[in-house]
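Enquirer: From the sequence below, what's the structure:
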Amino acid sequence: MKGIMEITGYGFGVDKTAIRVDLANGSGKVYPMRVLNLNDSYIRVGIPGGLAGVYDVQVNLIGVGELLPADKTITTFTYELVLTGLNANTGSYYGGTLLHLTGLNFAPALD
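Expert: Just a heads-up that it's a prediction; the model follows:
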């Protein structure tokens, strides 16, 4: 788990197994999030690792469908690629230099 997201609204219910929260982008990539806490007006979910990009936050009530937000501008989440280090010890004149990159969000992490 990379972080925590809190969602407020109403009509969520109280059954964690009846709510599904996902991050989805336009290319069809979907990251399910684990519901940690829930009441009728609040959802707390664990954010999984993901590839860099902008994702829509989708809240679905199983058997009913997607719960739509009052304001569409608050329903996106951005994974950012973060470089924390770059190391290139040696290299040749003709290329082939090995680089060691460190950072966050290179690939999805398991929840």
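Enquirer: can we go C-alpha only for contacts and neighbour counts from here?
Expert: Fine.
Enquirer: can you tell me which residues contact the nearest residue to Asn60 once chain neighbours are set aside?
Expert: Counting by Cα to Cα, 6 or more residues apart in numbering, Asn60 lies nearest to Glu66, which is 4.1 Å off, once chain neighbours are set aside. By Cα atoms under 8 Å, 6 or more residues apart in numbering, the residues touching Glu66 are 58-60.
Enquirer: Which single one of these is nearest to Leu86?
Expert: Gln58 (35.5 Å; Cα to Cα).
Enquirer: can you tell me how far the closest one sits from Leu81?
Expert: Using Cα to Cα, to the nearest Å, one obtains 22 Å as the distance from Gln58 to Leu81.
Enquirer: and what of Val14?
Expert: Val14 is 35 Å from Leu81, by Cα to Cα.
Enquirer: Also Leu36?
Expert: For Leu36 relative to Leu81 (Cα to Cα), the value is 26 Å.
Enquirer: can you check Lys16 too?
Expert: 31 Å.
Enquirer: Over to Val57?
Expert: In terms of Cα to Cα, Val57 sits 19 Å off from Leu81.
Enquirer: Mind checking which of the two has more residues around it?
Expert: Val57 (22 against 15; other Cα atoms under 10 Å).
Enquirer: is the more buried one in a bridge, and if so with what?
Expert: Beta bridges link Val57 to Leu23, judged by DSSP bridges.
Enquirer: got it, and Thr78?
Expert: Counting by DSSP bridges, the residues bridging with Thr78 are Val54.
Enquirer: Also Gly3?
Expert: Bridge pairing for Gly3 - DSSP bridges - gives Ile47.
Enquirer: I'd say it and Arg44 touch.
Expert: No. Using Cα atoms under 8 Å, Gly3 is not in contact with Arg44; the gap is 10.5 Å.
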